[in-house]
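Q: dropping a prediction and its sequence here:
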Amino acid sequence: MEKGSLLYEGKAKKVYATDDPDLLIVSYKDDATAFNGLKRGTIVGKGVINNRMSNALMRLLEREGIPTHYAEELSERDTLVKKVRIIPLEVIVRNISAGSFAKRYGVEEGMAFADPTIEFSYKNDALGDPLLNEYHALALGLACREEIETIKEYSFRINDVLKDFWRSCGVTLVDFKLEFGRLPDGRVILADEISPDTCRLWDSKTGEKLDKDRFRRDLGGVEEAYREIMRRLEEKTEGTR
Ligand code: ADP
Ligand code: UDP
């Protein structure tokens with residue numbers, strides 16, 4: 001499948017049309033941004049890692065019965081995906097307090113929850129992705145009640161699968177962001193990416209951060225952390241394509 005016209009260039013990926021109106025090609029870049037685009041930089045090799053990791057995790061989720069947009073990995077940075085109409089919600093699942101949760105509620109990072117939590121932001125850069133609840137999402141017409149129920153059910157199932165997978169790699173899944181979209185027939189599937197850009201991943205033994213917080217917080221060793229988390233994933237997923 002060949003890249004057609006460039007439909008959209010985002011902060012981390014480019015999106016191309018294809019000959020098939022139901023399929024897109026996403027191309028992962030090394031560009032990194034944080035704080036709604038205020039901080040910008042490059043993480044060398046990130047595009048390759050995020051592409052391969054996201055695809056491996058989506059294949060794993062598909063095997064566990066979660067429908068995703070993944071179709072075919074075309075090259076180290078390019079993947080064929082099912083085209084969806086993105087539901088403009090950032091769905092965040094958390095197992096342990098960190099980031100904006102710790103700040104908002106005045107708790108330490110690293111507090112393990114008895115049960116995972118979920119929250120939604122309105123995916124709207126101009127507004128800075130404000131937090132909202134299900135009723136706000138309904139009021140704004142961002143999704144209907146059934147879609148929100150499906151999104152919640154999938155998100156917690158995805159958390160169970162990913163938490164177990166990362167545990168087997170010696171990594172604690174702290175939190176992550178998901179995006180969902182609608183297929184032409186209205187079915188809701190997982191879209192976008194699952195990568196160190198969109199997850200917090202801590203070494204289970206040392207607590208070392210192996211994700212984008214190294215870039216956000218200027219911790220150094222950014223490329224090394226992306227390579228290390230990829231090495232651990234590949235050790236577990238070899239031969240599962
Ligand atoms: P952003 O838009 O936040 O800068 P990216 O650089 O990752 O993010 O751009 C990718 C864009 O493609 C995002 O807006 C995302 O919602 C969208 N997208 C992801 N998967 C699909 C898909 N399967 N179909 C249509 N759009 C998608
Ligand atoms: N996240 C993301 N995109 C966003 C906001 C958050 O992928 O626009 C991810 C982030 O990597 C983390 C989780 O969602 O794994 C929770 O992020 P949080 O709300 O704590 O926000 P942050 O501290 O990154 O501002």
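A: Received, thanks. Ligands and ions are numbered 1, 2, ... in the order given.
Q: residue of the chain with the smallest distance to ligand 1?
A: Sorted by distance to ligand 1 under Cβ to the nearest ligand atom, the residues of the chain start with residue 10, at 2.2 Å. All C-beta atoms are positioned from the backbone trio N, CA, C, and that covers glycine.
Q: interface residues of the protein facing ligand 1?
A: Within the chain, the residues that sit near ligand 1 (Cβ under 6 Å from any ligand atom) are 8, 10-13, 15, 24, 69, 81-84, 86, 179, 181, 191-192.
Q: in strands, which of those residues fall?
A: 8, 13, 15, 24, 81, 82, 86, 179, 181, 191 (DSSP state E).
Q: I'd like those residues laid out as CSV, including pLDDT and neighbour count.
A: CSV is the format used below for those (pLDDT from 0 to 100; neighbours: other Cβ atoms under 10 Å):
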residue, pLDDT, neighbour count
8, 98, 11
13, 98, 23
15, 98, 16
24, 98, 24
81, 99, 24
82, 98, 18
86, 98, 14
179, 98, 20
181, 98, 19
191, 99, 24
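Q: now the strands for this protein?
A: 6-9, 13-17, 23-28, 31-34, 39-42, 70-73, 78-82, 85-86, 89-96, 112-122, 131-132, 171-182, 188-191, 199-203.
Q: would CSV of the ones you listed with distance to residue 232 be doable?
A: Below are those laid out as CSV (distance: least, Cβ to Cβ, whole Å):
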stretch, distance to residue 232
strand 6-9, 31
strand 13-17, 23
strand 23-28, 19
strand 31-34, 21
strand 39-42, 23
strand 70-73, 19
strand 78-82, 21
strand 85-86, 30
strand 89-96, 18
strand 112-122, 21
strand 131-132, 32
strand 171-182, 6
strand 188-191, 22
strand 199-203, 9
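Q: which one, of these, ends up nearest to residue 212?
A: Counting by Cβ to Cβ, residue 212 lies closest to strand 31-34 out of the strands of the chain; the figure is 7.1 Å.
Q: buried stuff in the closest one?
A: Residues of strand 31-34 classed as buried by neighbour count (16 or more other Cβ atoms under 10 Å): 31, 32, 33, 34.
Q: got the contact list for it?
A: Strand 31-34 is contacted from outside by 11, 12, 39, 40, 41, 42, 43, 46, 197, 212, 215, 216, using Cβ atoms under 8 Å, 6 or more residues apart in numbering.
Q: what sits against the fourth one?
A: So that's residue 40. 31, 32, 33.
Q: in space, what's closest to residue 85 - neighbours in sequence excluded?
A: Distances taken as Cβ to Cβ, 6 or more residues apart in numbering place residue 182 nearest to residue 85, at 4.8 Å, with adjacent residues excluded.
Q: now the one you found, which residues is it bridged with?
A: Taking DSSP bridges as the rule, residue 182 bridges to residue 85, residue 188.
Q: roughly how far does the residue of the chain closest to ligand 1 sit from residue 33?
A: 10 Å (Cβ to Cβ, to the nearest Å).
Q: for residue 44, same thing?
A: 15 Å.
Q: same check on residue 222?
A: 13 Å.
Q: ramachandran coordinates for the residue of the chain closest to ligand 1?
A: The phi and psi torsions at residue 10 (degrees, to the nearest 10) take the values phi -100, psi -160.
Q: which parts of this protein sit against ligand 2?
A: 90, 92, 98-101, 129, 175-177, 198-200, 212.
Q: buried among the residues you listed? Make that a PyMOL selection.
A: A single PyMOL command is used to select the members of those judged buried by 16+ other Cβ under 10 Å:
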select buried, resi 90+92+98+101+129+175+176+177+198+199+200+212
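Q: could I get the residues of the chain next to ligand 2 as CSV with distance to residue 230 and pLDDT?
A: CSV is the format used below for the residues of the chain next to ligand 2 (distance: Cβ to Cβ, whole Å; pLDDT from 0 to 100):
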residue, distance to residue 230, pLDDT
90, 24, 98
92, 23, 98
98, 21, 98
99, 22, 98
100, 26, 98
101, 26, 98
129, 27, 96
175, 19, 99
176, 16, 99
177, 19, 98
198, 15, 98
199, 13, 98
200, 16, 98
212, 14, 98
